[in-house]
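Student: my questions concern the predicted model and sequence given below.
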Amino acid sequence: MALTDGGAELTPRSSRFQRLWLPGFAFKAVVIGGGYATGRELVEYFLPSGPRGGLKGMLLAALAWSIICVITFLFALASGSRDYRSFFRSLLGKFWPLFDIAYLVCTVLVLSVFGAAAGEIGAAVFGWPRVLGTLCLLLGITLVAGWGNESVERLFKYVTVFLYAVYAVFIVLAFTHFGARIAQNFASDRTTAPWAVSGLTYAGYNIIGAIVILPVLRHVTTRRDAIIAGALCGPLAMAPAIAFFLCMIAYYPQIGSATLPSNFLLERMNVPLFHVIFQVMIFAALLESGTGTVHGVNERVAAVCRESGRGFPRFSRLGFSSGLLVISIFIAARFGLVTLIAKGYRFLAWLLLLVYVAPLLTTGLRRVWRHGSTAGREDSSQRRTE
């Protein structure tokens, strides 16, 4: 027997994992990206606030993610949106093309950061030219994204398990090797930098992940599931970052000048095998983040093709993804990881606040409220009839 909520049907094929946990894992996959996985974003946005202020900023960012994801998922359910084009046509009306422009800027910028991070990892670990590491990542993204929804969801699932396991080992090694330094730096923290601004800025540009993962919301068909799945997004995405940040405190503030803070810590742990495993994990994180980003664009194009009565076959997905990624290669090579994170992401935060967060918290919230009231009345009427 099918379950319904407000007219939506929950098919037996949608498992509990797909309904409640997959959106959070997918959101984490997009957020973790090039700067988070290497530690560079955490240094840029949280370390200046000191150990305690940095943690406060991270917790605030996680809370903001959960709130926005819950409202986004509920609005997607209310409007029947499963790709960002239909979502913003419902949210912005005739002004929906504004988000298309913002999303294109976001996609190219984010992919450029991922490419720059992969280049830095290849250079640091294998001594490769930076462009070779970038090319390896972009080839992997193209292949996975070209295979469609099921391929992308499998990547989210398996890389998540690998990522959490490696971060767990990383924490154990960090506290084993320099736990005393972490405790000492926490105890002596006197930093007074404004942590709330940094936390909200970081949350602001990463919240694009809630839009990128709209295709996986096809499994979410009830308001209850949308609320639970959205609430889980913040903790699932921020937990590895908090663990990573705690480890970095051991070398605060000098780690702030490192392009790859992860490599900075791994060199001091001096465990060669784990050093390689951790860098492989970062590459896998970059792969799933980049794939999630490109997949969101592919689904946008696929929706247009369906409306016009045309298909969007696999070779077209591959070709479109390749073109997008080639542009990103040149930007990554031109500006580098540190500059892209420090300057590009701050601009992106303000852009997304204007075209996504502000409309969602006004127009979107009103529609979610009306949809909830209507669904509640329908449920009450159905119970009286029964």
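Tutor: Received, thanks.

Student: pull the residues that contact stretch 259-272.
Tutor: With contacts defined as C-beta atoms under 8 Å, 6 or more residues apart in numbering, stretch 259-272 is touched by 37-40, 42-43, 120-121, 124-125, 173-174, 177-178, 244, 247-248, 250-251, 255, 258, 274-275, 278-279, 282, 337-338. C-betas here are computed from N, CA, C, even on glycine.

Student: so of these, which ones are in strands?
Tutor: Of the contacts of stretch 259-272, none are assigned to strands by DSSP state E.

Student: and the strands in the chain, which stretches?
Tutor: With DSSP E as the criterion, the chain has strands spanning 3-5, 8-10.

Student: what average pLDDT does the last one get?
Tutor: Going back to what we said before, that points to strand 8-10. Computed over strand 8-10, the mean pLDDT rounds to 41.

Student: isn't Gly50 right next to Pro194, touching?
Tutor: No. Applying C-beta atoms under 8 Å as the test, Gly50 and Pro194 come out as separate, 11.1 Å apart.

Student: among the two, which residue is more densely surrounded?
Tutor: Remark: of Gly50 and Pro194, Gly50 carries more neighbours, 23 against 11, as counted by other C-beta atoms under 10 Å.

Student: nearest spatial neighbour of the more buried one, chain-adjacent residues omitted?
Tutor: Spatial nearest neighbour of Gly50, excluding adjacent residues (C-beta to C-beta, 6 or more residues apart in numbering): Thr191 at 2.6 Å.

Student: okay, the one you found: pLDDT?
Tutor: We have a pLDDT of 76 for Thr191.

Student: please name the residues that touch it.
Tutor: Pro48, Ser49, Gly50, Pro51, Arg52, Gly53.

Student: model confidence over stretch 194-213, on average?
Tutor: Stretch 194-213 shows an average pLDDT of 91 in the prediction.

Student: try stretch 68-84
Tutor: Across stretch 68-84, the average pLDDT comes to 93.

Student: run the chain-centre distance for it.
Tutor: Distance, stretch centre to chain centre, for stretch 68-84: 16 Å (C-alpha atoms, centre = their mean, to the nearest Å).

Student: buried stuff in that stretch?
Tutor: 68-79, 81-84 (16 or more other C-beta atoms under 10 Å).

Student: just the buried members of the contacts of stretch 259-272?
Tutor: 37-40, 42-43, 120-121, 124-125, 173-174, 177-178, 244, 247-248, 250-251, 255, 258, 274-275, 278-279, 282, 337-338.

Student: select from these every entry located in helices.
Tutor: Judged by DSSP state H, the buried ones among the contacts of stretch 259-272 include 37-38, 40, 42-43, 120-121, 173-174, 177-178, 244, 247-248, 274-275, 278-279, 282, 337-338 as members of helices.

Student: what about the stretch 201-350 of the chain, any weak spots by pLDDT?
Tutor: Low-confidence segments of the stretch 201-350 of the chain, defined by pLDDT under 70: 333, 337.

Student: all helices for it, in order.
Tutor: Listed in chain order, the helices of the stretch 201-350 of the chain (DSSP state H, counting those that start in this stretch) span 209-212, 223-248, 261-269, 272-307, 314-335, 337-339, 345-352.

Student: need the contact list for Val368.
Tutor: Counted by C-beta under 8 Å, 6+ apart, Val368 has contacts Ile71, Leu74, Phe75, Ala78.

Student: my bad, Gly319
Tutor: If a contact means C-beta under 8 Å, 6+ apart, then Gly319 has no contacts.
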